[in-house]
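Participant: With the input below, show me the fold.
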Amino acid sequence: MKLAAAILLGVSLLAGNAAAQAASAPAEPPVVMLVGVYHFDNPGRDVVNLQSDDVRSPARQAEIAALTDQFARFAPTVVAIEETADDAALTSRFWADYRAGRRADSRNERDQLGFRLAERLEARVVAIDFDQPLPFGPLMQAAQATAPDLHARLMAEAQGIADGVNAALATGTIADALLTLNTPDGLRRNDSLYYMPMAVTADQGRTFPGVDVAAAWYERNMHICARLLTALQPGEHAIVFYGAGHIPQLAQCLTRVGVRLEDPVPYLSAAR
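Facilitator: As a prediction, this is how the structure comes out:
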């Protein structure tokens, strides 16, 4: 009896130690796939804008279906979109309408990629955008007046990014176009646009409108990152569809707090 009691006590202690270790083990971090996109519906909000064709055509719909198949392999439980929310729950204003079939004509990537994937996987949709006006006007005026060569180079680089997407769409698929934005070089080129004009001055060198733009851009992206973080639970998979220019700063923010990033390039390549 004493031996049996000792064995039972040992088992009990082992079980207790295992439970204590499990309780003290760090939670599994979320895994996030950041997918940089161009604006499918050409809203004309950027300095240089694309002229993409209609994503509702049968051919483009087949391409989007192939993308959805690949993104579904990641098994996200959260789909985050570039849309502002009016509540702390980050509720999308359009998600319910989409599920009710009232957004069938929308060309927006929110509907075509985000909502489509979320409906297929029954994932949560969160709207994580933050409205932050960027003072581009004073920067462009100052650059043209005091640094015309830099202004020309900046515009040429922005146009070059757009031309790359347009060329991919002209000869290939939406996945090809997204690949141009999500490779390391594509991300670097987009990110550099906000740093190239940092040294542009105005008011005889007393102000730096390039810094004002970069600071507002950084603030906006940190707000977006914070909203995403509030929506994530340990171990969850989330996919984020956002304008490609945001991706480098979002990636920096997420990795600094321990979120693991999933590379979208293999998924995009498989959807070509």
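Participant: quick one: residue 165 and residue 176 touch, right?
Facilitator: No: contact criterion Cβ atoms under 8 Å: residue 165 and residue 176 do not qualify, at 9.2 Å. Quick note: C-beta positions are derived from backbone N, CA and C, even for glycine.
Participant: Tell me how far residue 193 lies from residue 158.
Facilitator: According to Cβ to Cβ, to the nearest Å, residue 193 and residue 158 sit 6 Å apart.
Participant: neighbour count winner among residue 165 and residue 176?
Facilitator: Neighbour count, other Cβ atoms under 10 Å: between residue 165 and residue 176, residue 165 has more, with 23 against 19.
Participant: distance of residue 249 from residue 80?
Facilitator: In this view, residue 249 and residue 80 are 15 Å apart by Cβ to Cβ.
Participant: of the two, who's got more company?
Facilitator: residue 80 (30 against 18).
Participant: Find the nearest non-adjacent residue to the more buried one, please.
Facilitator: residue 240 (4.4 Å; Cβ to Cβ, 6 or more residues apart in numbering).
Participant: and after the secondary structure element (helix or strand) that the one you found belongs to, which helix or strand comes next?
Facilitator: Assigned by DSSP states H and E, residue 240 belongs to strand 237-243. Note on strand 237-243: by DSSP H and E, the next helix or strand toward the C-terminus is helix 247-256.
Participant: Adjacent strands (with direction) for the helix or strand following that following helix?
Facilitator: The helix or strand immediately downstream of helix 247-256 is strand 260-262, counting by DSSP H and E. With DSSP bridges as the test, strand 260-262 is paired with strand 31-37 (parallel).
Participant: Okay, angle between the strand it pairs with and helix 247-256 too, please.
Facilitator: Computed with axes from the mean of the first three to the mean of the last three Cα atoms, to 10 degrees, the direction of strand 31-37 lies at 170 degrees from that of helix 247-256.
Participant: got the CA coordinates for strand 31-37 in CSV?
Facilitator: Taking Å, rounded to 0.1, in the frame of the first residue of the first chain, the C-alpha atoms of strand 31-37 are listed here in CSV:
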residue,chain,number,x,y,z
VAL,A,31,1.1,34.6,-37.5
VAL,A,32,0.3,37.3,-40.0
MET,A,33,0.6,37.4,-43.8
LEU,A,34,0.9,41.0,-45.1
VAL,A,35,-0.3,41.2,-48.7
GLY,A,36,0.5,44.5,-50.4
VAL,A,37,-2.1,45.3,-53.1
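Participant: contacts for that strand?
Facilitator: Contacts of strand 31-37 from elsewhere in the structure, counted by Cβ atoms under 8 Å, 6 or more residues apart in numbering, are 71, 74, 76, 109, 113, 178, 181-182, 186-187, 190, 228, 232, 235-247, 250-251, 254, 259-264, 267-268.
Participant: Could you pick out the buried ones from those?
Facilitator: For those, a burial check counting by 16 or more other Cβ atoms under 10 Å picks out 71, 74, 76, 109, 113, 178, 181-182, 186-187, 190, 228, 232, 236-247, 250-251, 254, 259, 262, 264, 267-268.
Participant: Tell me who's in contact with residue 195.
Facilitator: Taking Cβ under 8 Å, 6+ apart as the test, what residue 195 contacts is residue 214.
Participant: typo on my end, residue 93
Facilitator: Contacts for residue 93 (Cβ under 8 Å, 6+ apart) come out as 83, 85-86, 127.
Participant: ditto for residue 165
Facilitator: By Cβ under 8 Å, 6+ apart, the contact list for residue 165 reads 38, 50, 52, 177, 180-181.
Participant: In strands only, show me those residues.
Facilitator: With DSSP state E as the criterion, strands contain none of the contacts of residue 165.
Participant: Kindly provide the distance from the closest residue to residue 134 other than its chain neighbours to residue 139.
Facilitator: Spatially, and ignoring its direct neighbours in sequence, residue 134 is nearest to residue 216 (5.0 Å; Cβ to Cβ, 6+ apart). Distance of residue 216 to residue 139, given as Cβ to Cβ: 10 Å.
Participant: More neighbours: the two, which one.
Facilitator: residue 139 (23 against 16).
Participant: pretty sure that one is touching residue 197, no?
Facilitator: Yes: distance between residue 139 and residue 197: 6.0 Å, which falls inside the contact criterion (Cβ under 8 Å).
Participant: joint contacts of these two?
Facilitator: Jointly contacting residue 139 and residue 197 under the rule Cβ under 8 Å, 6+ apart are 209-210, 213.
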